[in-house]
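Visitor: Sequence first, then the predicted structure:
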Amino acid sequence: MKLFPVAVAGISVIMDIRTAKVDNGWILFSMFIGMFIRVWQKGIAGLGHFVMGSVTPLFLIVLFVFGMIGAGDIKLFCVLGGILGPGAVLKCIFSSFIAGTCIAAVLLIIHRNFCERILYFIRYAETTVTTGKITPYRKGNISAPENFHFTVPILVSVLLYAGGIY
């Protein structure tokens, strides 16, 4: 069962890198297969397990509203939640953010723009608070040097899960 989430996340990374999005058809297909596997393994109780795991990541919508994470990333977490279960998907989300932080730190060092990015964040926070308007945090497109595909740290996290780290 540990290889299926790796396949789901790995194919999602490939899609994200090639097209800057995770295809909804892939998400639906993965959800269906994940649900089938859960019901096959645990009977009808597996359906409840799948649903609880699938809805757990929806709290990330707050980050989507601020433009800090993509909808495809949240949908991928929902698929993984159905497969892994609520507790494991929370660990997956946490470790994805840790992996993403590490990737971001490396990018800041490589591009030597740490101060610029901190100032950008401060200005964004000030503007959001003073105007009361929520605007997307990410500037430009995904190819900008400060942006990266979050499906990559999600895959790293799933690999940690498959390797028995959590």
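Guide: Arrived safely.
Visitor: what stretches of the chain score poorly on pLDDT?
Guide: 138-147 (pLDDT under 70).
Visitor: just how off-centre is the helix or strand that A125 is a member of within its chain?
Guide: Using DSSP states H and E, A125 falls within helix 114-131. On the basis of C-alpha atoms, centre = their mean, to the nearest Å, helix 114-131 sits 23 Å off its chain's mean C-alpha point.
Visitor: Please spell out which residues along that helix are buried.
Guide: The neighbour-count check on helix 114-131 (16 or more other C-beta atoms under 10 Å) flags Y124 as buried. The C-beta positions use only the backbone N, C-alpha and C, and glycine is treated the same way.
Visitor: Tell me where the protein has helices.
Guide: 3-19, 24-42, 44-55, 61-65, 71-84, 86-111, 114-131, 151-162 (DSSP state H).
Visitor: Ok, which of these comes nearest Y137?
Guide: helix 114-131 (5.9 Å; C-beta to C-beta).
Visitor: Extract the C-alpha trace of that closest one and format it as CSV.
Guide: Provided in CSV are the C-alpha atoms of helix 114-131 (Å, rounded to 0.1, in the frame of the first residue of the first chain):
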residue,chain,number,x,y,z
PHE,A,114,16.7,36.5,1.2
CYS,A,115,16.4,40.2,2.1
GLU,A,116,14.3,41.0,-1.0
ARG,A,117,11.9,38.1,-0.2
ILE,A,118,11.6,39.1,3.5
LEU,A,119,10.8,42.7,2.4
TYR,A,120,8.3,41.3,-0.1
PHE,A,121,6.5,39.3,2.6
ILE,A,122,6.4,42.3,5.0
ARG,A,123,5.0,44.6,2.3
TYR,A,124,2.4,41.9,1.4
ALA,A,125,1.4,41.5,5.0
GLU,A,126,1.1,45.3,5.5
THR,A,127,-0.9,45.8,2.3
THR,A,128,-3.3,43.0,3.3
VAL,A,129,-3.8,44.4,6.8
THR,A,130,-4.2,48.0,5.7
THR,A,131,-6.4,47.5,2.7
